[in-house]
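Participant: Structure here, sequence nowhere to be found:
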């Protein structure tokens, strides 16, 4: 069964360093999401792509976060510089449908710890 | 802005007992509602969505627009139902599939 792949699974970085996460969505899924999940809370959308275009990045802290999906397939989320408050689970998801009823398929996530 | 509230962080029941996981939302338009589930050591996955009107693994959820609720119910809980459950909302007006999640409820079903 096709799954969303994310790497690395775990990342420990020092504050002020740069960190990057990678996501490979399910083949054929044009919509890709990056969510951040702080411990004890539900996931919160950071950015959404439709193919290579950003359709929602209203919650992305653009002074330090960036995301790209250059060929409309895999995606990279970068943080520079990392801050202690960025420690969280970063989830990537993809969907075949585009719209309000779309089912999102999630990856295993990257657990980031900033020290 | 839309908001999803799950008032119970933890819920414990015994096997065979009925279970209800509460979800309330605040939204001015006509939302679409979902329940996502995360079993131990597995990834987050869709359990059911309102538009499908179906029962999945014995679970059902009814949208009550008057009470702005979308509670998840199962008449007879099983041990394998133990998991983290998230209620989520998708905004018809402005989103393209973006989900707003509640904080989640950890359900434990005791033998």
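Facilitator: Sure thing, it's come through. Bear in mind that the values here come from a model prediction, so they are computed numbers and not experimental data.
Participant: helix or strand for the residue in chain A that chain B sits nearest to, which one?
Facilitator: Of all residues in chain A, residue A:42 sits closest to chain B, at 3.1 Å by Cβ to the nearest Cβ. In short, each C-beta sits where N, CA and C put it, glycine included. Of the helices and strands defined by DSSP states H and E, none includes residue A:42.
Participant: thinking it is in contact with residue B:102, fair?
Facilitator: Yes. Using Cβ atoms under 8 Å, residue A:42 is in contact with residue B:102, at 5.4 Å.
Participant: Which element, helix or strand, includes the residue nearest the centre of chain A?
Facilitator: Centroid check for chain A by Cα atoms, centre = their mean gives residue A:34 as the closest residue, at 2.8 Å. Element membership of residue A:34, judged by DSSP H and E, is strand A:31-37.
Participant: Work out the sheet partners of the helix or strand following that strand and label each with its direction, please.
Facilitator: Downstream of strand A:31-37, the next assigned helix or strand under DSSP H and E is strand A:44-50. Strand A:44-50 pairs in its sheet with strand A:31-37 (antiparallel), strand A:53-56 (antiparallel), by DSSP bridges.
Participant: so how far is the longest one off the chain centroid?
Facilitator: Averaging C-alpha positions (Cα atoms, centre = their mean, to the nearest Å) puts strand A:31-37 4 Å from its chain's average.
Participant: Show the contacting residues for whichever residue of chain B sits closest to chain A.
Facilitator: For chain B, the residue closest to chain A is residue B:101, as judged by Cβ to the nearest Cβ, at 3.1 Å. Residues near residue B:101 by Cβ atoms under 8 Å, 6 or more residues apart in numbering or on different chains: A:42-44, B:4, B:36, B:86-88.
Participant: Just the buried ones from these?
Facilitator: With burial judged by 16 or more other Cβ atoms under 10 Å in any protein chain shown, the buried subset of the contacts of residue B:101 is A:42-43, B:4, B:36, B:86-88.
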